[in-house]
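**Student:** Predicted model, plus sequence, below.
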Amino acid sequence: MTVLAQASKLLRMVSVPRGLIALTALALLAGCKAAPDKFAPECPDLKVIRDAADLSRSRGQGTDVTDRIVDARITGVAGACKDGSKGAINTPLTVTFQATRGPAAEGRTVALPYLVTVVRGGEIIDQQAYTINAAFPPNVDSMSVPGDEVFLVFPASQNGSAADYTIYVSFRLTPEELAYNRRKRR
């Protein structure tokens, strides 16, 4: 699958504006430039886990809007593949979020916990937990939040390539938060 097709597929999964699809595709293509005598490296597939793409965190067991600490959504995942050293493919990855600070938030900074999981052949190879702190300026309660760049390295040899892997991105949810997301989707 081409990088452009991967970008288009990924962005359709997270429902973003059409203009952002073209910009993200161009960014992905820029990261996969090949030398004149080499092919671009194959990239892992990028996926956002639909049931865990939203985070609605409340104070205690509260269900009222006044108990809401944060509502957030994963709005984009940008990645690129670059030849690394000694048969490796380097894949820098950045996750972008849309966050809305709720009335129960204490202070102007809200933590957004997320996971980057690497799978090969149905088996989890690696999973790393990250937290990005959304710092809301005064009089701003909703904003786009870029995550820190995550660097992944994949082996590339005659026996396999980076395309053999899938990268899943999701929020790190409690069982109750996951059940809430699933109820919302019905």
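**Tutor:** Everything's here; your move. Numbering: from 1, shown residues only.

**Student:** Going by C-alpha atoms from here, please, whenever you check contacts or count neighbours.
**Tutor:** Noted.

**Student:** Go ahead and confirm Arg172 touches Tyr114.
**Tutor:** Yes. Arg172 lies in contact with Tyr114 (Cα atoms under 8 Å); the separation is 4.7 Å.

**Student:** Show me whatever sits in contact with both of these two.
**Tutor:** Contact criterion Cα atoms under 8 Å, 6 or more residues apart in numbering; residues shared by Arg172 and Tyr114: Ala129.

**Student:** can you give me the strands in the protein?
**Tutor:** Ranges of strands in the chain, per DSSP state E, are 45-48, 54-58, 68-79, 82-83, 88-101, 109-120, 123-135, 142-146, 150-155, 165-171.

**Student:** how many neighbours does Gln61 have?
**Tutor:** Neighbour count for Gln61, taken as other Cα atoms under 10 Å: 9.

**Student:** Please disregard the earlier target; I meant Lys184.
**Tutor:** 9.

**Student:** how far away is it from Val70?
**Tutor:** 16 Å (Cα to Cα, to the nearest Å).

**Student:** Go through the strands of the chain and name the closest to Glu177.
**Tutor:** Glu177 lies closest, by Cα to Cα, to one member of the strands of the chain: strand 54-58, at 6.7 Å.

**Student:** Tell me which residues are up against the closest one.
**Tutor:** 67-74, 104, 171, 173, 177, 181.

**Student:** re the thing from before, could I get the strands of the chain as a markdown table with mean neighbour count?
**Tutor:** As requested, the strands of the chain are exported to a markdown table (neighbours: other Cα atoms under 10 Å):
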| stretch | mean neighbour count |
| --- | --- |
| strand 45-48 | 21 |
| strand 54-58 | 22 |
| strand 68-79 | 22 |
| strand 82-83 | 19 |
| strand 88-101 | 20 |
| strand 109-120 | 18 |
| strand 123-135 | 14 |
| strand 142-146 | 17 |
| strand 150-155 | 16 |
| strand 165-171 | 21 |
